[in-house]
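Engineer: Pasting the sequence and the predicted coordinates here, then a few questions.
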Amino acid sequence: MRVLIACETSGVVREAFRKKGHDAWSCDILPADEYSPFHYLGDVVPILDGWDMIIGFPPCTYLCGSGMHWTTRGLRDPQLTEDALDLVQAILNADAPRIALENPIGIISSRIRKPDQIIQPYDYGEDSSKRTCLWLKGLPPLPLDPSKFVEPRIVDGKKRWGNQTDSGQNRLGPSEDRWKLRSKTYQGIANAMADAWG
């Protein structure tokens, strides 16, 4: 299949599909984290049509629930959220028979539609917690393999995984690239996508 991984710089999902023999390409307005001839540098919207599958990872900065308080408190231009929703809609409406769109819990659910599936990295072999929504077209939900479940540690009776502090916050401290580190797709999820959909 010809597979477009929209809004990806890490190449994690692209390479999971390439390993399965697919003609997979990533695209982003930022360069790939590591050089790849299979990364298109530029706006994804003009190249959305004509793929067999699109997996989209639109930036969550203006879409996720944790960031919307900046907009609702008047500290950020609401047009940024509208532009982000336009990108989501463009990906979901692309001329492709199979589409998956990934994003955290946020405004997509209330402004466009509810997700088809909510997944956790710890269900796919990763010692991490990050509730992630999937909006699907022409694709089944990702199956669960109980043998890959990663057990949490228990802190004061609460479940905590490796990416969390004891209080449940993300371990990554403030930095210029924190957004990029937090948005990188977990390898276990990328492999599950390639196994189930590739």
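Structural biologist: Structure received.
Engineer: List the contacts of residue 8.
Structural biologist: Residues in contact with residue 8 (C-beta atoms under 8 Å, 6 or more residues apart in numbering) are 14, 26-28, 57, 185. For every residue, glycine as well, the C-beta is placed using N, CA and C.
Engineer: The lengthiest helix in the chain: how far from the chain's middle?
Structural biologist: Selection of the longest helix in the chain by residue count, based on DSSP state H, yields helix 79-92. Relative to its chain's centre, helix 79-92 lies at 15 Å (C-alpha atoms, centre = their mean, to the nearest Å).
Engineer: Point out where the protein drops to low pLDDT.
Structural biologist: By pLDDT under 70, the low-scoring segments of the chain are 69, 172-175, 177-183.
Engineer: I'd like to know how far the residue lying farthest from the centre of the chain sits from residue 163.
Structural biologist: Largest separation from the mean C-alpha position in the chain: residue 156, at 30.6 Å (C-alpha atoms, centre = their mean). Separation of residue 156 from residue 163 (C-beta to C-beta, to the nearest Å) stands at 18 Å.
Engineer: do the same with residue 121
Structural biologist: Residue 121 is 8 Å from residue 163, where distance means C-beta to C-beta.
Engineer: again with residue 99
Structural biologist: Distance from residue 99 to residue 163, counting by C-beta to C-beta: 28 Å.
Engineer: So for those two, which sits in the more crowded spot?
Structural biologist: Between residue 99 and residue 163, counted using other C-beta atoms under 10 Å, the more crowded position is residue 99 (23 against 18).
Engineer: Now the more buried one: closest residue in space that isn't a chain neighbour?
Structural biologist: Nearest in space to residue 99, with sequence neighbours left out and distances taken as C-beta to C-beta, 6 or more residues apart in numbering, is residue 137 at 4.1 Å.
Engineer: Just the strands from the protein, written as ranges.
Structural biologist: All strands of the chain, identified by DSSP state E, fall at 2-6, 23-28, 39-41, 53-56, 98-104, 117-119, 132-137, 153-155, 158-160.
Engineer: Out of the ones you listed, which gets nearest to residue 91?
Structural biologist: Proximity to residue 91, assessed across the strands of the chain by C-beta to C-beta, is greatest for strand 53-56 (3.9 Å).
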